[in-house]
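>>> Sharing a model that was predicted from the sequence below.
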Amino acid sequence: MNRHIGSNIDELLEEDGLREEVVAAAMKRVIAWQLAEAMKARHISKTEMARRMHTSRMVVNRLLDVQDTSVTLATLARASVAVGIPMRIELDAQPG
């Protein structure tokens, strides 16, 4: 009998020790997409974004890379200021 029948995806990921990694990757994908869309809407190139963030273009590339989940809060804050979108981070006290 399959022990996963009746389980949900969160339980399976938790059991396999992958939940945090999957959640981080999903959050990074959304953040990278939002920043890329904001840059596109405001006609901000990667070079201009780097200038506005006072950093290198390599940092901007990592920021927009959906596979790279090692972005810092400081980098996210500088990126949000650079595109003119307030950053809001919150924890869900009542996870569903």
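Alright, I've got the coordinates.
>>> For burial, what's the neighbour tally of Arg19?
By the measure other CB atoms under 10 Å, the count of residues near Arg19 is 15. The way it works is simple: take the backbone N, C-alpha and C, and place the C-beta from them, glycine included.
>>> right, I mislabeled it, should have said Leu18
For Leu18, the count of nearby residues is 12 (other CB under 10 Å).
>>> what helix or strand does the closest residue to Leu64 other than its chain neighbours sit in?
Closest residue in space to Leu64, ignoring its immediate chain neighbours: Ala32 at 5.0 Å, by CB to CB, 6 or more residues apart in numbering. Per DSSP states H and E: Ala32 is located in helix 19-41.
>>> Likewise for Val59?
helix 57-64.
>>> Could you do Gln94 as well?
Going by DSSP H and E, Gln94 is not part of any helix or strand.
>>> burial count for it?
Neighbourhood size, Gln94 [other CB under 10 Å]: 4.
>>> roughly how far apart are it and Val23?
Per CB to CB, to the nearest Å, Gln94 is found 16 Å from Val23.
>>> Kindly calculate the angle that the helix or strand just after the helix holding Ala32 makes with helix 19-41.
For helix 19-41, the following helix or strand on the C-terminal side (DSSP H and E) is helix 46-53. Interaxial angle of helix 46-53 relative to helix 19-41 (axes from the mean of the first three to the mean of the last three CA atoms, to 10 degrees): 100 degrees.
>>> From Gln94, how far off is Arg29?
For Arg29, the distance to Gln94 - CB to CB - is 24 Å.
>>> same check, this time on Thr55
Separation of Thr55 from Gln94 (CB to CB) stands at 36 Å.
>>> How about the residue nearest to the spatial centre of the chain: what's its closest non-neighbour residue?
Nearest to the mean C-alpha position of the chain, by CA atoms, centre = their mean, lies Lys28 at 1.9 Å. Leaving aside its chain neighbours, Lys28 sits nearest to Thr69 (4.7 Å; criterion: CB to CB, 6+ apart).
>>> so what's the one you found up against?
Glu21, Ala24, Ala25, Lys28 (CB atoms under 8 Å, 6 or more residues apart in numbering).
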